[in-house]
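Asks: pasting the structure only:
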């Protein structure tokens, strides 16, 4: 297949996906679980792809994603709360220190930019570390950021550990889809550019990459900053989805959730991360919810089902995935026209040859 | 006398108390094929690593086309430990470059244990090496504003693959190639950085005699075609004697002989280093 045809077919598929989302939104009630899953899944897909850019494509094992999301979410929320409502939000801090409101689009872009700035700053010391040490350092950074944002003295800006609310949010399911699609599209373009190839070279063999004239530090820093930019944007979208924002929600557990999505989807597969994030959100928010409530079959109470049991089952599912699908759902393949046609040729082409 | 390309002067590389290279000096002129040989553990790869910026030598100077790319003198903790010579010969401020900066200046290398980009196709392996000569930045590359450059990179890559006859395998995974072709691919990848000096670290390791012969021809062929200077480490004596203009022999980090293949072959010190000497002979030689 020609390159142009492939791009066109992929775009048509994407358009069909949007149409499907639009139809679902029209036909189901606003509070249905499906809508929730679609909204949150799209946002998590963006964040997972941004993490995959770092962990799967550049080979940097970073666990700072929640920290950058937090920075992005707070930047967005703090800058876009309407001036009139600031008194109510910053009750404890006399209306806060900021007396202007930015449009939501500027807020989202700034959310990414500020997260990227933080990444540039901490990248200097941290990116000289390798593998586990990098993971520990970035994890530490995320925790420190959370503590700083909750710091009492910063209250006039961040509202301390209290809620931020009344900033602009979205209603349509198409909004997070469109935002995620644009951002993921940019990441895909990057991955397939000459810089993306350099990232993959670093992942495969640092020493050889350096001997081929790739400046390791600059390229790692670039990947780190870009990944953080989109994590920041994802954080802002998550804040919009939730409607209220509190730093306490962005704990290390959130990074692990995203890491899990990346691993289940397949390190180095963009579509894998996207699929896995919808599956993950559907499982944790919807399909496995029934495990948390007491269930009766006739008069027989099903044993074990109680609040928290969902997480037990969930953990078992994850263990099974990790044990039997070690490279994730997609490995490093992509779920697009080319990938599907290759897969079909492998599956059915061989059968045809035998017959 | 032709123009000097690589000049190595009094290089000493010491790891703690262990002297891996001791006061080594070498000169490589334009258009030559020079071999560096020596028994196992003599410090050949370490010498390569000092030239390509992987290691920073403890003492000495390396210059490439007249530009000093590495210069160092023992300092700090090394000052007391230093066991080599000429400790005060290079008092100037140390000069060091990272491997990518040195590659940019025109020294490309291959590795003793093949280091291809494992998850990438043959084509991409070579394409990655053209990243070095890019003019686009990350934004223009992402938004495809560098289409012309991208096209040029791909054309160059394809042409290189054609020259070495790997174009038919360009979509194969690099690691799925047979061993000999992986070696060849590594050389092509190095060529894609447009080097002036090519360092080959045991290019014929693990090859049978026929493959080794072909490799020898291949090296001469690319040397002429790309106007290269070649510096190689090799254990296959037939290959070394066939293609090299000059040979340096080192043992325990020290240079023990230098000269044309014929001179080196008959040098008693070289024979001693490779085959060992009888104690009685050693005494005679001493006396």
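Replies: Good, I have the coordinates. It should be emphasised that the depicted structure is a prediction, and the values quoted were computed from it without experimental measurement.
Asks: so residue A:226, which of the three states?
Replies: When states are read from DSSP: H, G, I helix; E, B strand; the rest coil, the local structure at residue A:226 comes out as helix.
Asks: what's the closest non-adjacent residue to the residue minimising distance to the centre of chain B?
Replies: By CA atoms, centre = their mean, the mean C-alpha position of chain B lies nearest to residue B:199, the distance being 2.4 Å. Spatial nearest neighbour of residue B:199, chain neighbours left out: residue B:109 (4.0 Å); criterion: CB to CB, 6 or more residues apart in numbering or on different chains. Where you see a C-beta, it was placed from the backbone N, CA and C, and this is true even at glycine.
Asks: check residue A:61 too.
Replies: residue A:135 (4.7 Å).
Asks: which element is the one you found on?
Replies: Taking DSSP states H and E as the criterion, the element that holds residue A:135 is helix A:131-149.
Asks: and the helix or strand following that helix, how far from the chain's centre?
Replies: Towards the C-terminus, the helix or strand next in line after helix A:131-149, according to DSSP H and E, is helix A:155-158. Using CA atoms, centre = their mean, to the nearest Å, the distance from the centre of helix A:155-158 to the centre of the chain it belongs to is 26 Å.
Asks: hang on, residue A:217 packs against residue A:126?
Replies: No - in this structure, residue A:217 is not within contact of residue A:126 by CB atoms under 8 Å, at 11.3 Å.
Asks: looking at those two now, which is surrounded by more residues?
Replies: Neighbours were tallied for residue A:217 and for residue A:126 using other CB atoms under 10 Å in any protein chain shown; the higher tally belongs to residue A:126 (22 against 14).
Asks: correct me, but that one touches residue A:137?
Replies: Yes - distance between residue A:126 and residue A:137: 4.7 Å, which falls inside the contact criterion (CB under 8 Å).
Asks: now do the same contact list for residue B:115.
Replies: When contacts are counted by CB atoms under 8 Å, 6 or more residues apart in numbering or on different chains, residue B:115 touches A:205, A:207, A:208, A:211, B:186.
Asks: TSV please, covering those residues and showing neighbour count, secondary structure and distance to residue A:15.
Replies: Output for these, formatted as TSV (neighbours: other CB atoms under 10 Å in any protein chain shown; DSSP: H, G, I helix; E, B strand; the rest coil; distance: CB to CB, whole Å):
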residue	neighbour count	secondary structure	distance to residue A:15
A:205	19	coil	39
A:207	12	helix	44
A:208	26	helix	41
A:211	27	helix	44
B:186	23	helix	44
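Asks: farthest pair within the residues you listed?
Replies: Between any two of the contacts of residue B:115, the greatest separation by CB to CB is 12.6 Å, found for A:207 and B:186.
Asks: who touches both of the two?
Replies: Joint contacts of residue A:207 and residue B:186 (CB under 8 Å, 6+ apart) are B:111, B:115.
Asks: go ahead and confirm residue B:114 touches residue B:186.
Replies: Yes - between residue B:114 and residue B:186 a contact is recorded at 5.7 Å, counting by CB under 8 Å.
Asks: for residue B:257, what are its contacts?
Replies: With contact taken as CB under 8 Å, 6+ apart, residue B:257 is in contact with B:247, B:248, B:249, B:263, B:264, B:267, B:269, B:270.
Asks: let's see which of the residues you listed end up in helices.
Replies: Among those, the residues falling in helices (DSSP state H) are B:263, B:264, B:269, B:270.
Asks: so the nearest residue to the third one once chain neighbours are set aside: helix, strand or coil?
Replies: Leaving aside its sequence neighbours, residue B:269 sits nearest to residue B:256 (CB to CB, 6+ apart; 4.7 Å). Recorded secondary structure, residue B:256: strand (three-state DSSP).
Asks: and the closest residue to chain B within the stretch 201-350 of chain A, which of the three is it?
Replies: When you check the stretch 201-350 of chain A against chain B by CB to the nearest CB, the closest residue turns out to be residue A:213, at 3.4 Å. At residue A:213 the chain is in coil, as set by three-state DSSP.
Asks: what about it, how many residues nearby?
Replies: 26.
Asks: show the contacting residues for it.
Replies: For residue A:213, the set of contacting residues under the criterion of CB under 8 Å, 6+ apart consists of B:100, B:103, B:104, B:129, B:131, B:132, B:193.
Asks: cool, residue B:173 as well?
Replies: If a contact means CB under 8 Å, 6+ apart, then residue B:173 has B:118, B:119, B:120, B:121, B:122 as its contacts.
Asks: got JSON lines for those, with distance to residue B:86 and pLDDT too?
Replies: As requested, the contacts of residue B:173 are arranged in JSON lines below (distance: CB to CB, whole Å; pLDDT from 0 to 100):
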{"residue": "B:118", "distance to residue B:86": "42", "pLDDT": "90"}
{"residue": "B:119", "distance to residue B:86": "46", "pLDDT": "89"}
{"residue": "B:120", "distance to residue B:86": "44", "pLDDT": "91"}
{"residue": "B:121", "distance to residue B:86": "48", "pLDDT": "92"}
{"residue": "B:122", "distance to residue B:86": "46", "pLDDT": "94"}
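Asks: any idea which of those is closest to residue A:8?
Replies: Taking those together and measuring to residue A:8 by CB to CB, the closest member is residue B:121, at 23.6 Å.
Asks: quick one: the closest one and residue B:171 touch, right?
Replies: Yes - between residue B:121 and residue B:171 there is a contact at 5.4 Å, judged by CB under 8 Å.
Asks: these two: who's more crowded?
Replies: The neighbour comparison of residue B:121 against residue B:171 (other CB under 10 Å) goes to residue B:121, with 16 against 9.
Asks: verify the contact between residue A:328 and residue A:279 for me.
Replies: No - judged on CB under 8 Å, residue A:328 makes no contact with residue A:279 at a distance of 11.3 Å.
Asks: got any residues that touch both of these two?
Replies: Common neighbours of residue A:328 and residue A:279, counting by CB under 8 Å, 6+ apart, are residue A:264.
Asks: picking that back up, so the residue nearest to residue A:61 sits right up against residue A:60, yeah?
Replies: No - look at residue A:135 against residue A:60 with CB under 8 Å: they stay out of range, at 9.1 Å.
Asks: higher neighbour count, the two?
Replies: Remark: of residue A:135 and residue A:60, residue A:60 carries more neighbours, 25 against 19, as counted by other CB under 10 Å.
Asks: check the residue of the stretch 151-287 of chain B at minimum distance from chain A and give its pLDDT.
Replies: For the stretch 151-287 of chain B, the residue closest to chain A is residue B:193, as judged by CB to the nearest CB, at 5.5 Å. The predicted local distance difference test score for residue B:193 is 93.
Asks: what's near enough to touch it?
Replies: For residue B:193, the contact set (CB under 8 Å, 6+ apart) comprises A:212, A:213, B:103, B:108, B:129, B:130, B:132, B:133.
Asks: from those residues, which land in strands?
Replies: Counting by DSSP state E, the contacts of residue B:193 place residue B:108 in strands.
Asks: so where is the chain shaky, pLDDT-wise?
Replies: If you meant another chain, say so; for now it's chain A. Chain A contains residues with pLDDT under 70 at A:1-2, A:30, A:349-355.
Asks: chain B is the one I meant
Replies: Counting by pLDDT under 70, chain B contains low-confidence residues at B:1, B:278-287.
Asks: got the residues of it near chain A?
Replies: Applying CB under 8 Å from any CB of the partner chain, one finds that chain B approaches chain A through B:52, B:54, B:98-101, B:103-104, B:108-109, B:111, B:115-120, B:124, B:127-132, B:134, B:136, B:138, B:141-144, B:146, B:150, B:153, B:189-190, B:193.
Asks: among the residues you listed, which lie within helices?
Replies: In helices, judged by DSSP H, the following of the residues of chain B next to chain A are found: B:99-101, B:103-104, B:124, B:127-129, B:138, B:141-142, B:150, B:153, B:189-190.
Asks: who wins for most neighbours among these?
Replies: Highest neighbour count within these: residue B:129, with 32 neighbours (other CB under 10 Å).
Asks: leaving out the residues flanking it, which one is nearest to it?
Replies: residue B:192 (3.6 Å).
Asks: wait, doesn't that neighbour sit right on residue B:156?
Replies: Yes - using CB under 8 Å, residue B:192 and residue B:156 qualify as a contacting pair, with a distance of 7.0 Å.
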